[in-house]
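**Student:** Sharing a model that was predicted from the sequence below.
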Amino acid sequence: LCMMEKFEPVLTPEELRSKLPDWPYFIVDLQLWDKHTQKEKGKVCLQINQCYGLLRDYFTGSELAVTWAGEEFRKMFHGPLDRITVYDGPTAEFLKEKKIDEVVLLDPWADEVLSEKDFDVKAFIIGGIVDTGGEKKLTPKIGEELEKAGIKVRRRKIVLKGDILGVPDRINRILGIILKMMVEGKSMDEAVYEMQ
Ligand code: SAM
């Protein structure tokens, strides 16, 4: 018992972040959750759990935020809900609470390619979307929602040798590519190859 009393209580993601440098948030936006089948929802959850694993390798894991996270997500997510930032409301509200007014939205339909000039933002948004084939134009909707709420959105795509073909579109792979570029200083092509 004496030994146990010496252990620090587990910090909430909020407390942990307040002790750490100003790392950006990596937000998975679940506003299109209800458009998914149960099987797809399961895949979204798994990919978010894999995002947590990746972020824990580089940072702490608390930088991972999931917005529009309803009851069903909480039930279906097998990862550590208490180690990530889970927010029930809209992404724009979360950003306003954190006093973040500009973000990078990872969007395969964007005109501009992500570059290191974009690594100064305080939040990166990835669509919590699973759609095999990926031909539906869904991610731009997330950008429109944010802009309507007054958030400045830099829409950026990830390409391999100039093309989005060959870029894995799983949520965790996209996060992995950003982290390899941002933290390890790899080029986009190198990062994409390593995450394929
Ligand atoms: N058809 C969907 C769409 O309209 O975007 C594909 C969604 S993809 C499976 C899931 C998320 O990964 C997207 O919302 C986006 O944030 C990110 N993503 C996938 N491929 C990307 C790429 N080449 N560049 C930037 N972001 C990408």
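**Tutor:** Nice, thanks for sending it over.
**Student:** And for the closest residue to the ligand within the chain, nearest residue in space, chain neighbours not counted?
**Tutor:** For the chain and the ligand, the shortest gap (CB to the nearest ligand atom) falls at G127, measuring 2.2 Å. From N, CA and C alone the C-beta is placed, and that goes for glycine too. Sequence neighbours aside, T139 is the residue nearest to G127 in space, at 4.5 Å (criterion: CB to CB, 6 or more residues apart in numbering).
**Student:** just F119 next, same as before
**Tutor:** For F119, the spatially nearest residue (CB to CB, 6+ apart) is M182, at 5.2 Å.
**Student:** average model confidence for the longest helix along the chain?
**Tutor:** Using DSSP state H to assign secondary structure, the helix with the most residues in the chain is helix 38-58. Helix 38-58 shows an average pLDDT of 96 in the prediction.
**Student:** So D88, which state does it fall into?
**Tutor:** The three-state label for D88, taken from DSSP: H, G, I helix; E, B strand; the rest coil, comes out as coil.
**Student:** Backbone dihedrals for the closest residue to it other than its chain neighbours, both of them.
**Tutor:** Nearest residue to D88 in three dimensions, chain neighbours excluded: A69, at 5.9 Å (CB to CB, 6+ apart). When read as degrees, to the nearest 10, the backbone of A69 gives phi -90, psi 100.
**Student:** give me every residue that touches A69.
**Tutor:** 30, 86-88 (CB atoms under 8 Å, 6 or more residues apart in numbering).
**Student:** From K148, how far out is it?
**Tutor:** Spatial separation of A69 from K148 under the definition CB to CB, to the nearest Å is 21 Å.
**Student:** next one: P108
**Tutor:** For P108, the distance to K148 (CB to CB) stands at 21 Å.
**Student:** And for T85?
**Tutor:** Counting by CB to CB, the gap from T85 to K148 is 23 Å.
**Student:** So between the two, which is more surrounded?
**Tutor:** T85 (23 against 9; other CB atoms under 10 Å).
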